[in-house]
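build the 3D model from these lines:
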Amino acid sequence: MISNESIENIKALIDQENEKDSNNHINYTIHESIEFLDVLIENVEGKLNTTVFRKPAAEPYILPYTSNHPRLTHSNTIYTALLRGIRLCSDVHTFDQERLNIEIALFFNGYPRNFIRRHFKEFFKNHNSSPIYQNLDEQRYKELHLQLVNESLTDDQRQLPSNQQSVTEQHKNSHTKEKPKNEKK
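From the prediction side, this is the model:
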């Protein structure tokens with residue numbers, strides 16, 4: 001549980017819940033921050049901030065650019081990393097640090113600088129958010145953050161880069177057969 005309640009109120013609430021059912025016991029640890037899955041949640045002066053969490057020993061591994069995968073796969077790697085960063089980072093400055101981490105991981109795994117820049121620009125252009133990429137516009141970032149957090153998976157599929165949409169359409173069309181018309185003579 002994450003809360004801005006006082007420690008005393010949280011402990012009282014958990015103790016109350018523990019008394020209701022002896023089979024379910026809630027253990028608690030109280031900290032200013034918590035790592036959960038790939039999110040770091042911090043209480044900074046009463047405000048909850050989120051960012052991408054990576055284990056300290058984790059290497060910045062991304063699918064190598066030299067791997068025998070279609071370029072679309074590498075484009076999607078960048079797209080999903082940026083999407084994840086925007087969804088998890090609660091402010092533009094935290095996201096900017098995550099963007100730098102993504103760039104470093106991409107460089108480390110052999111992605112060409114021009115390929116990275118082109119796909120970063122394309123991502124922000126497709127989301128009408130170039131001001132975020134160009135000058136860290138906090139207001140536009142908050143709007144995009146909320147928009148992407150609230151989107152469903154089907155909405156994400158509509159937001160795919162245009163080259164992926166055409167591949168998806170080709171894939172869909174290759175698996176549909178035209179039904180013969182039953183004509184009566």
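
quick check, central residue of the protein?
Among the residues of the chain, the one closest to the centroid is R84, at 1.2 Å (Cα atoms, centre = their mean).

and it, what is it in contact with?
Neighbouring residues of R84 by Cβ atoms under 8 Å, 6 or more residues apart in numbering: 38, 52. C-beta here means a position set from N, CA and C on the backbone, and glycine is covered the same way.

now the element after the helix or strand encompassing it, going C-ward?
Using DSSP states H and E, the element containing R84 is helix 71-88. Next helix or strand after helix 71-88 toward the C-terminus (DSSP H and E): helix 92-108.

relative orientation of that following helix and helix 71-88 in degrees?
Relative orientation of helix 92-108 versus helix 71-88 (axes from the mean of the first three to the mean of the last three Cα atoms, to 10 degrees): 160 degrees.

quick one: the very next helix or strand once past helix 92-108 to helix 71-88, angle?
For helix 92-108, the succeeding helix or strand toward the C-terminus, using DSSP H and E, is helix 113-126. Put simply, helix 113-126 runs at 50 degrees to helix 71-88, going by the same axes, to 10 degrees.

which elements pack onto helix 113-126?
helix 71-88, helix 92-108, helix 130-135 (3 or more Cβ pairs under 8 Å, 6 or more residues apart in numbering; DSSP states H and E).
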